[in-house]
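> Quick one: sequence and predicted model below, then my questions.
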Amino acid sequence: MSPFLPAVWMALPVVLGGLAHVAVIRLDLLPSLARIPLDGGLTFRGRPLFGPNKTLRGLLVMITATALGSLVLAHLGSVGLAAVEPQIRWPLGWGACLGLGYLLGELPNSFLKRQLDVPPGGEALGRGRLFFSFLDQADSLVGVVLVARCITPLPCPVMAWLLVLGLVIHPLVGLLMIQLGLKRRLG
């Protein structure tokens with residue numbers, strides 16, 4: 001079997017989770033949770049750990065929506081896709097882990113940008129611009145792949161396809177967010 005199909009099947013719940021998160025932001029649902037930063041207001045060197053855009057709302061929505069997306073896909077039938085067996089056997093847990101991986105993958109990038117005085121939602125200037133532009137697209141993907149890899153053995157071609165799919169889909173969702181006025185720039 002081609003590694004492309006299992007990669008798509010693994011990426012879909014995360015994409016659904018991301019789209020649900022876009023909808024929650026756009027509709028300003030759960031606004032009280034959007035005011036609770038994941039870093040709890042802690043600072044390092046006088047700067048926030050992650051900043052105000054990493055919130056409890058984002059964490060809960062990504063985990064919940066990705067878990068529900070995984071459950072829906074499991075019920076659509078994925079017999080024969082051995083690389084996503086946890087999604088078939090434990091769809092809610094699998095999806096929750098992927099949603100958590102997505103968010104955890106973003107935190108080191110956010111931390112680094114806060115320490116370098118890149119404003120939340122802003123972009124790095126100068127020589128770091130290209131690096132952070134790529135990192136903004138890849139950080140969450142790496143988190144998803146690492147978490148998935150901790151749960152189940154993933155063949156290298158499946159992981160490669162996941163990264164390729166993510167590097168294509170992530171900017172498309174970013175463009176949607178720009179069109180909806182939720183972001184000023186891609187990343």
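That came through, no problem. Residues are numbered from 1 along each chain as shown.
> Which residue ranges of the chain form strands?
If you assign secondary structure with DSSP state E, the strands in the chain sit at 43-44, 47-48.
> Figure out which of the ones you listed is closest to L73.
For L73, the closest of those is strand 47-48, at 35.8 Å, according to CB to CB. All C-beta spots, glycine's among them, are computed from the backbone N, C-alpha and C.
> so how far is that closest one off the chain centroid?
Centroid separation for strand 47-48 versus its chain: 22 Å, with CA atoms, centre = their mean, to the nearest Å.
> in terms of contact count, name the helices or strands touching that strand.
The criterion is 3 or more CB pairs under 8 Å, 6 or more residues apart in numbering; DSSP states H and E, and the helices and strands that strand 47-48 contacts are helix 91-115.
> re earlier: please identify the deepest-packed of the strands of the chain.
Highest mean neighbour count among these (mean count of other CB atoms under 10 Å): strand 47-48, with a mean of 16.
> Run me through the strand neighbours of that one, direction for each.
Partner strands for strand 47-48, per DSSP bridges, with pairing direction: strand 43-44 (antiparallel).
> Identify all contacting residues around the strand it pairs with.
In this structure, residues lying in contact with strand 43-44 by CB atoms under 8 Å, 6 or more residues apart in numbering are L49, F111, Q115.
> So the first one sits against K113, correct?
No - using CB atoms under 8 Å, L49 and K113 do not qualify as a contacting pair, with a distance of 11.1 Å.
> Between the two, which is the more surrounded one?
Ranked by neighbour count (other CB atoms under 10 Å), L49 and K113 place K113 first, with 23 against 18.
> Since that was my last question, I'll sign off now.
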